[in-house]
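Structure, please.
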Amino acid sequence: DRTRLFSWDNITWQVRADGQEEDEEVDLSDPEAIIPAHPGEAGKLTLAGIDSDGDGIRDDLELAIYERFPGDPLRDLRYSLYQHAQSFQEMLLATESGNADRIEAAGDLQSQTGGCAFLALDETYEAGLIDEDTRWNANAWLETLLINTSERAAIYSDYNQYWSGRMIPVEFPKHCDYSNHELIGL
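The predicted structure is shown next:
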């Protein structure tokens, strides 16, 4: 509207996701409401990387999961892997902090999200949506993406050293719910 003088108070933003109707609201708690662009090498400059949408998942991990497991039939698997990636990220940051309580909590979180990821992989395999190799290697694929710098690899090694000689029980739940688009809320 050019009839008013410019003022920051007069600016409004309209954002629409791909395929979204004009009047439809976007649920920004949904990690797929806005898929971030790949950060490139800038995403490797710090331990935390780049999380441009603030959902607790590094943009490179979020995009890799979204691209490898596309479409609605793989949605639950994708969301379980988003949660697992988020817990991996917390594990790195907790270990870097040196706070034993935070590291212990990250271990518990890894157990929970790992159990749900394995359940989702099994369910997706049983439904014939992924092959057996993907079923058994998706977690290793995610870990490889997670520790893609020497700094991240060193912190991951420190995390494993912290738990050396102890057991972290992996919880294998009978059901995990991804329908509410909520991640683990760190």
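
Just the element for the spatially most central residue of the chain, please.
Closest to where the C-alpha atoms of the chain average out (C-alpha atoms, centre = their mean) is residue 82, at 3.1 Å. Using DSSP states H and E, residue 82 maps to helix 75-97.

After that helix, which helix or strand is next?
For helix 75-97, the following helix or strand on the C-terminal side (DSSP H and E) is helix 100-126.

Show me what that following helix is packed up against.
helix 75-97, helix 132-146, helix 150-163 (3 or more C-beta pairs under 8 Å, 6 or more residues apart in numbering; DSSP states H and E). Every residue, glycine included, has its C-beta placed from N, CA and C.

Show me the shaky parts of the chain.
Within the chain, the segments meeting pLDDT under 70 span 1-33, 168-175, 177-186.

Return the distance of residue 113 relative to residue 97.
To residue 97, residue 113 is 19 Å away according to C-beta to C-beta, to the nearest Å.

Contacts for stretch 128-137 next, please.
69, 73, 74, 77, 121, 122, 124, 125, 138 (C-beta atoms under 8 Å, 6 or more residues apart in numbering).

how does it look with 10 Å?
Stretch 128-137 is touched from outside by 68-69, 71, 73-74, 77, 118, 120-126, 138, 141, 144, with contacts defined as C-beta atoms under 10 Å, 6 or more residues apart in numbering.

same thing with stretch 90-97?
Contact with stretch 90-97 is made by 47-49, 56, 58, 87, 99-107, 109-110, 113, 146-147, 151-152, 154-162, 184, 186, as judged by C-beta under 10 Å, 6+ apart.

please redo it, this time with the cut-off set to 8 Å
By C-beta under 8 Å, 6+ apart, the residues outside stretch 90-97 that reach it are 47-48, 56, 102-103, 105-107, 109-110, 146, 152, 155-156, 158-159, 162, 184, 186.

Please apply the same query to stretch 153-163.
Contacts to stretch 153-163, defined as C-beta under 8 Å, 6+ apart, come from residues 47, 91, 92, 94, 95, 96, 103, 106, 107, 143, 146, 147.

wait, isn't residue 43 in contact with residue 63?
No. Applying C-beta atoms under 8 Å as the test, residue 43 and residue 63 come out as separate, 9.8 Å apart.

Have a look at these two and say which one is more surrounded.
A direct count of neighbours by other C-beta atoms under 10 Å for residue 43 and residue 63 places residue 43 higher, at 21 against 18.

isn't residue 83 right up against residue 119?
No. Between residue 83 and residue 119 there is no contact under C-beta under 8 Å: 11.5 Å.

Who has more neighbours out of these two?
A count of neighbours by other C-beta under 10 Å puts residue 83 above the other of residue 83 and residue 119, at 25 against 19.
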